[in-house]
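> coordinates for the following, if possible.
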Amino acid sequence: MYRVQRIIWAGGDENTKGPAWRSVRTVGVADTRAGAVEWLRQLAAARGGEVEVDEYRIPRSWVLRRGDSYPVREWFDVVAPTMARDKVRPGFARGVADAGRGGGAVGDGLAVIESPRSRPHYPGWGKSRRRRGRHPTPTRVLL
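Below you'll find the predicted structure:
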């Protein structure tokens, strides 16, 4: 079972989707899928929520649903195969703080806040993978 949190920033105005930041953390591993779904149901019930299953048969328990205008924040627990790695974007915690923690109730939205483009630059982000000053190898034609 994984805990997924996402921030989807505004792409210029509150109606345009911008870049998405994501955090994926392993909550635990069960022996069977049925056991994992039951664990998710217990976790959801402890929070006063319930488990929803989407059209792809993926069970989720929502803690915070995204609002109607960007930026939005969402948080859910999900049962999925153990192939996903734990990952979090550098600066994600600050992004959550900037987005406003709210009450954590299902259905809370966010106020419009700054785009990540105006935020401090993190080393390594936005750098081209192509090396500067190098030219591609010329193509040789044999006649």
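> what packs against the helix or strand harbouring residue 21?
For residue 21, the element it lies in under DSSP states H and E is strand 17-26. Under the contact criterion of 3 or more Cβ pairs under 8 Å, 6 or more residues apart in numbering; DSSP states H and E, strand 17-26 touches strand 2-10, strand 87-88, helix 92-99. (C-beta placed from N, C-alpha, C; glycine too.)
> now the ones you listed in TSV, with distance to residue 61 and mean neighbour count?
Listed next are the helices and strands packed on strand 17-26 as TSV, based on distance: least, Cβ to Cβ, whole Å; neighbours: other Cβ atoms under 10 Å:
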stretch	distance to residue 61	mean neighbour count
strand 2-10	10	20
strand 87-88	20	12
helix 92-99	19	15
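> would you turn the ones you listed into CSV with distance to residue 48 and mean pLDDT?
Below are the helices and strands packed on strand 17-26 laid out as CSV (distance: least, Cβ to Cβ, whole Å; pLDDT from 0 to 100):
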stretch, distance to residue 48, mean pLDDT
strand 2-10, 17, 91
strand 87-88, 27, 91
helix 92-99, 22, 81
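> and residue 67, how many neighbours?
Under the neighbour criterion other Cβ atoms under 10 Å, residue 67 is assigned a count of 18.
> same thing with the one 5 residues further on?
With neighbours defined by other Cβ under 10 Å, the count for residue 72 comes to 22.
> chain neighbours aside, what residue packs nearest to residue 78?
residue 60 (4.8 Å; Cβ to Cβ, 6 or more residues apart in numbering).
> the strands in the chain, which residues?
2-10, 17-26, 51-53, 59-64, 72-78, 87-88 (DSSP state E).
> list the strands paired with the strand holding residue 21, with their directions.
In the sheet, strand 17-26 lines up against strand 2-10 (antiparallel), strand 87-88 (antiparallel) (DSSP bridges).
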